[in-house]
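Asker: I'd like to go over a predicted model; first the sequence, then the structure.
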Amino acid sequence: MEKHVVDRSADGRFFYIDFLRVAAIVMMFIFHVNMIFVAEWDWHIKNVSQSNVLMEVNYWMAFFRMPLLFFVSGFISCILLEKWSSRKFIAERFNRLILPTVIWTFVLVAPQIYFERKLQGAEYSYIEFYSTFLEFKWWPEGNFHWLHLWFIPYLFVYNLLSIPVLYVIQRVGVKFPAAMSSKSVSYLICLFVTVAVIPYIWLSVNYPVTYDLIHDYARHAQFFPFVVAGLLAYKFKVIADFLEEKRAVFLRLAFLAIVLINVVRWNGWEPRYLWDDWLSHPASYLFLILLSVNSWFWVMALLGYGKRYLNRGSSVLSYCNRAVYPFYILHQTVIVVLGYYVVQTADSDAFKYVFLLVACFIISAAIYHLYIHPFKVVRFLFGAK
């Protein structure tokens, strides 16, 4: 089994990884604008009338947008750990991840909770609200949270865990043959996904999602295997090559899985709604397995097609790759603040949606281009290069 992917530019970039990282953040932006209008799911700001179509779009994207980001982060972490010492890696990750989380939780997250409370009928001023924010009582019971920034401290912890995991991968990897057949790689991938899915399913039915990092056991079981998969895909070229070779197979499997899932959903056959004691029925676990492997199918399909068709650089991609992290930090605050005013207008729902989609993107991009990108100190505060 070969240990180094060669599909990189002269300066060491894997352009398809950069492209997928940018695409995942753009999907997250669309996802969060959609959340104002989707039926069934609650969010910070909600339009009065809601859309089942946008609900289906978000339901689909929810399977792979975060797993794809965590896979990409594992891949990039492996590149950095190959170039840097562990000490430098930890220091760099702290500066790029923890400092922005602390700073922008107090500056950009607080307004989101304020406008959410305003829409719920709260009448206090922002100063009065902020005093409750500083009570550090966890939202939604209290007013303190990191909201969409949860991803960043989770990523920091996974980056730290990548150091010992990569050490084990390097020690075990030398025992693999220099080349492996597609059949052997497929067996290893099946084994890896099986080992990843089983504990996640058990934890997901026993522990709720908390987004508090410490007690979010099911989320860790869901996301960290994608980080490990990213480490493996970088270290062993045969894995990335296999995903590229079998990209159509994974796309067919992903499409089939989402169709089966929606047949169950749209007919009211979801186990938790069919039976009061749904966890005692074997069919429930088959459905949970289908939900889990669907995420893996979509991520592997995207990686395969990305490696095949998106592995070329451009000045636009380079700019976007630098911009997406500050854009991510900014975007939800822009959506919530602007959305607060837009949902209260008498305009049509279609106009509200298109306006928010376009305006929030332009505002977030403009803030980066005009106020973050030109200034080194501001870039540092946003964890940007």
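Answerer: All right, it came through fine. Residues are numbered from 1 along each chain as shown.

Asker: show me the contacts for residue 165.
Answerer: 228, 231 (CB atoms under 8 Å, 6 or more residues apart in numbering). (C-beta placed from N, C-alpha, C; glycine too.)

Asker: can you do 6 Å?
Answerer: Residues in contact with residue 165 (CB atoms under 6 Å, 6 or more residues apart in numbering) are residue 228.

Asker: can you pull the buried residues of the helix or strand hosting it?
Answerer: Under the criterion of DSSP states H and E, residue 165 resides in helix 151-173. For helix 151-173, the neighbour count (16 or more other CB atoms under 10 Å) marks 151-156, 158-160, 162, 165-166, 169 as buried.

Asker: Give me the contact list for stretch 306-322.
Answerer: 7, 9, 15, 16, 18, 19, 20, 22, 240, 244, 385.

Asker: Compute the distance between the last one and residue 369, please.
Answerer: Using CB to CB, to the nearest Å, one gets 15 Å for the distance from residue 385 to residue 369.

Asker: Those two: who's more crowded?
Answerer: residue 369 (14 against 9; other CB atoms under 10 Å).

Asker: Assign that one to helix, strand or coil.
Answerer: helix (DSSP: H, G, I helix; E, B strand; the rest coil).

Asker: Not counting sequence-adjacent ones, nearest residue to it?
Answerer: Spatial nearest neighbour of residue 369, chain neighbours left out: residue 323 (7.6 Å); criterion: CB to CB, 6 or more residues apart in numbering.

Asker: Go ahead and confirm that neighbour touches residue 368.
Answerer: Yes: assessed by CB atoms under 6 Å, residue 323 is found in contact with residue 368 at 5.1 Å.

Asker: C-alpha coordinates for the helix holding residue 165, CSV please?
Answerer: Only the C-alpha atoms of helix 151-173 are listed here, as CSV (Å, rounded to 0.1, in the frame of the first residue of the first chain):
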residue,chain,number,x,y,z
PHE,A,151,-17.7,23.0,14.9
ILE,A,152,-14.5,24.8,15.7
PRO,A,153,-13.7,23.5,19.2
TYR,A,154,-14.8,20.1,18.1
LEU,A,155,-12.3,20.3,15.3
PHE,A,156,-9.6,21.4,17.7
VAL,A,157,-10.1,18.4,19.9
TYR,A,158,-10.2,16.1,16.8
ASN,A,159,-6.9,17.7,15.6
LEU,A,160,-5.3,16.9,18.9
LEU,A,161,-6.6,13.3,18.8
SER,A,162,-5.2,13.0,15.2
ILE,A,163,-1.6,13.1,16.6
PRO,A,164,-1.7,9.7,18.4
VAL,A,165,-4.0,8.3,15.7
LEU,A,166,-1.6,9.2,13.0
TYR,A,167,1.3,7.6,15.0
VAL,A,168,-0.7,4.4,15.1
ILE,A,169,-1.5,4.6,11.4
GLN,A,170,2.2,5.0,10.6
ARG,A,171,3.2,2.1,12.8
VAL,A,172,0.5,-0.2,11.4
GLY,A,173,0.8,1.0,7.8
